[in-house]
Structures are given as C-alpha cells and as structure tokens.
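Visitor: Kindly return the folded structure for what I paste below:
(2 chains)
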Amino acid sequence: MPISPEVVSEFIAEQTVLLDLRSGKYYRLNPAGTLVWRSLEKGVATDVICEAIAAAYDQPRESVYGDVLKLLADLTAKGLIEAA
Amino acid sequence: MKNPIEVTARLARAISERPRQTLSLAHATLVVTAVEIGLRTLPVPTLSRLLGIEVGLGRGHSANGAKATSRPTLVRIERVHRALGIPSTCLRQSLAQGFILRALKPVLRFGSEEVAGQLHHHAWVDFGRGTLPTSEVESRRFRSLGRSTH
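Guide: Down below sits the predicted model:
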C-alpha cells in the first residue's frame, strides 16, 4: 500500500508524526503504528507487517492482524496511504 | 468609517514623506491578502508552488549556513497581519516571506519537536543561508518532516 505523495512524516520520540500537506492536518502514530508506517515506507506486504508486529510484541499473528487491518483502513480513509 | 478624503490625504502624505516604506507596506498588504485567500481556497502545496516556493520534502534539519537572513519583511508582514486582524501564524508568515523573497529560492519546511510529552509543530522557509520567520538556530529544534527515501 503506497504512501500518499502529499504526506510527509518523521520519527520523533518513539512515535511518528504525519502531516497531510493537502489538509494541513497532523497525525501521530504510537510505536506500534510507527512500526507499521516504517514497513509501509519500505513497501512491505501486509502479511509481513503483521508478522513483524506479532514478533515485536510477542503476540499471536492472528491477534494483531485485525488491529493492523484496522489501522490500514483508517490511514486509507484519511488519504494517508493509497488503497492497493 | 474614516473620511476617505482624510485617508487619501494621509496616504499621500505618507508616500511623500516615506515613499519606500509606504510602498513596501502596500506590497506586504497585497501579499498577505493573496496568501490568506490562497490558504482558504487551495491546498498548501498548490499555493506554495503558485507563490514560487518549493515544498521541502527532505527529512532532518534545514539551512546549513550560519548567516541570519535580515528580517525587515517579517516586521512588515507581522504589522499587516496585526492591522488586518489575521493570526500571524508561522505558515502565513512563511508563505508571505517566501513569496516576497522568492528570488532567494525559498524552500517551505514543516517540522515537529517534542517538549515534555507535547508535540509542537512549526513551518518555516529555508533560504539556504538562513531561515524565516524563526532563526536557523530556532528552526533546528524542529525535525523536518519529509518523504521516505525508500
């Protein structure tokens, strides 16, 4: 899922700050969201992102899958990433 | 409402006594008005490009030079904002100054910093040899937001 070209970001104090240049709105991602965002920047597939999150937080892959999909849907709805 | 004849007379007197300053102020007023209309009708990247200001998409810090850019335009813009009752935000100042000083190839940057758990956001224009509306030292507190290089 590619990141919108009008979105800029930076990693600050264990979180990620996102700015949608079109709307001027800022967003903040927590450390888990940051991990997802960094994976998206690298073009990593959703399945692999889920595995990385599950490994980082020592959780079963199935339990994080829904949360990751929810975050991706939220980012898509806000226009921060583009639907695959 | 002030008497238009009196206003015109005062304006004519100001131009004759301080022609350069008065014209600069009139110019700043036009620029501030154009920026305000643009901010209410266009996305920032589009407005910035129309004003001749590149949007900086690189991460990290900004200006490398040590020299500070002179600030007479900032003073004029803040004065116009006060007179027109427009909030003199960093973005408004940056766009107006960037346009007035567009010959210096300004780059509009956005940055954030965390202070005591609170995120603070800032916009500034980077002229390569200095930044406005805040100095390079102040601007360097903020980490520039940018696109991923992956």
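Visitor: Please count neighbours and contacts with C-alpha atoms only from this point.
Guide: Fine.
Visitor: distance of residue B:54 from chain A?
Guide: 13 Å (Cα to the nearest Cα, to the nearest Å).
Visitor: neighbours around that residue, how many?
Guide: A count of nearby residues for residue B:54, using other Cα atoms under 10 Å in any protein chain shown, gives 20.
Visitor: so what's it up against?
Guide: Listed by Cα atoms under 8 Å, 6 or more residues apart in numbering or on different chains, the contact set of residue B:54 reads B:48, B:105-108.
Visitor: Widest-spaced pair of these?
Guide: Spatial extent of the contacts of residue B:54 (Cα to Cα) is set by the pair B:48 and B:105 at 12.1 Å.
Visitor: Neighbour count for these two, which is higher?
Guide: residue B:48 (23 against 16).
Visitor: I figured the more buried one hits residue B:55, correct?
Guide: Yes: judged on Cα atoms under 8 Å, residue B:48 makes contact with residue B:55 at a distance of 6.9 Å.
Visitor: what's the overlap in contacts for the two?
Guide: With Cα under 8 Å, 6+ apart as the test, residue B:48 and residue B:55 both reach residue B:108.
Visitor: Give me the three-state assignment for residue B:86.
Guide: Here residue B:86 is recorded as coil under DSSP: H, G, I helix; E, B strand; the rest coil.
Visitor: Tell me the pLDDT of it.
Guide: In this model, residue B:86 is scored at 86, pLDDT.
Visitor: what are the phi and psi values for it?
Guide: phi -100, psi 130 (degrees, to the nearest 10).
Visitor: roughly how far apart are it and residue B:27?
Guide: 16 Å (Cα to Cα, to the nearest Å).
Visitor: any weak-confidence spans in chain B?
Guide: B:1-2, B:7, B:60-71, B:136, B:149-150 (pLDDT under 70).
Visitor: can you do 50?
Guide: B:63-68 (pLDDT under 50).
Visitor: Just the buried residues of the longest helix seen in chain A, please?
Guide: Counting residues, the longest helix found in chain A (DSSP state H) is helix A:61-77. By neighbour count with 16 or more other Cα atoms under 10 Å in any protein chain shown, helix A:61-77 contains the buried residues A:61, A:64-65, A:68, A:71-72, A:75-76.
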